[in-house]
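In: build me a model:
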Amino acid sequence: MAPTSDWSGNVYTRYCQWDYVNLFNLRNYYSSYTSAVEIRIAGNPLSAIIDNIFYGLSSCRILYLAYNEIHTVHPLGFNHLAALENLYINNNMLNALLPGVFDTVPTLLQIYAQHNRLSSIPYGIFSSLSALTILDLSENQITALNNGFSIGLDSLTTLKLSGNNIQTLEAASLGYMPALGQIDLMDNSIEMIAWDVFVPENYTSSAAFPAPVEMKISGNPLVCNNNKMCWMKDAETDSSLGWWDGATYAPECTDIEWSAVSLSCASE
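Out: Numbering: from 1, shown residues only. Sure, this is the predicted structure:
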């Protein structure tokens with residue numbers, strides 16, 4: 001079956017579509033669609049995205065690869081997608097993110113990778129994605145966030161990790177996202193949040209503090225005593241004072257900088 005296309009109107013309306021056409025590979029399909037801005041390849045038995053498969057698609061801004069059977073994206077799988085902004089690779093069988101897989105697409109603004117089989121996230125895998133604002137990794141099999149998970153995510157505002165099997169949030173794992181506004185960790189297995197989870201490694205006084213963050217954590221075995229946790233720093237000595245959960249007492253200190261994290265602990 002030939003792909004459908006719409007070339008009318010503004011450049012943002014141009015797209016090509018190979019949805020549910022029993023497509024096993026992508027070779028030799030692009031010669032007539034190199035100006036496409038939106039490309040949809042959903043619901044096919046695709047099992048892998050091999051290196052340089054998107055050659056010639058430098059105008060593509062939206063790539064929809066959902067509901068296939070993709071288990072591997074090769075390190076140069078997204079190469080040549082120089083304008084890519086939105087990537088939908090949800091509802092596949094991805095079991096790993098290979099190092100360097102996002103290095104060729106620093107223009108990405110949104111990644112939707114929910115409903116896959118990812119069990120871990122490599123250190124610094126998102127380090128080239130300083131423009132990314134939304135990252136959805138919900139409904140995977142992730143067990144932990146390492147201390148390099150958030151490196152490079154300078155513009156991220158929304159992080160979705162619900163429905164995984166995360167047990168701990170390690171020190172510095174969320175320490176490189178100064179723009180973060182919301183993180184969804186509902187329905188995991190979290191028992192402990194490191195007190196310095198929002199503190200970058202090798203912290204210095206010039207490092208960016210996180211903005212106020214809404215953290216959804218219902219459906220976890222973590223004890224929640226109050227609806228607000230605060231990470232505190234002594235402004236004069238630049239020393240970390242740890243978390244205060246608001247349930248016991250407020251420290252008597254006039255030289256404290258607060259980075260508030262509003263917790264949503266009730267079932268939603």
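In: can you give me the strands for the stretch 151-268 of the chain?
Out: Taking DSSP state E, counting those that start in this stretch as the test, the strands found in the stretch 151-268 of the chain are 158-160, 168-169, 182-184, 192-193, 213-216, 228-234, 240-244, 256-264.
In: does anything pack onto the third one? Which helices or strands?
Out: Here strand 182-184 is seen to pack against strand 158-160, strand 213-216 when contacts are counted using 3 or more C-beta pairs under 8 Å, 6 or more residues apart in numbering; DSSP states H and E. For glycine as for every other residue, the C-beta is placed from the backbone atoms N, C-alpha and C.
In: so for that strand, what gets flagged as buried?
Out: Residues 183-184 are the ones in strand 182-184 that count as buried (16 or more other C-beta atoms under 10 Å).
In: for the record, mean pLDDT for that strand?
Out: The average pLDDT for strand 182-184 rounds to 90.
In: got it, and the second one?
Out: Averaging the model's pLDDT scores along strand 168-169 yields 84.
In: go on, stretch 88-97?
Out: Rounded mean pLDDT across stretch 88-97 is 97.
In: just the residues contacting it, thanks.
Out: For stretch 88-97, the external contacting residues (C-beta atoms under 8 Å, 6 or more residues apart in numbering) are 47, 62-73, 111-122, 125, 136.
In: mark which of these are buried, thanks.
Out: Buried among those by 16+ other C-beta under 10 Å: 62-68, 70-73, 111-116, 118, 120-121, 125, 136.
In: got the contact list for residue 113?
Out: Counting by C-beta under 8 Å, 6+ apart, residue 113 has contacts 87, 89-90, 94, 135-137, 140.
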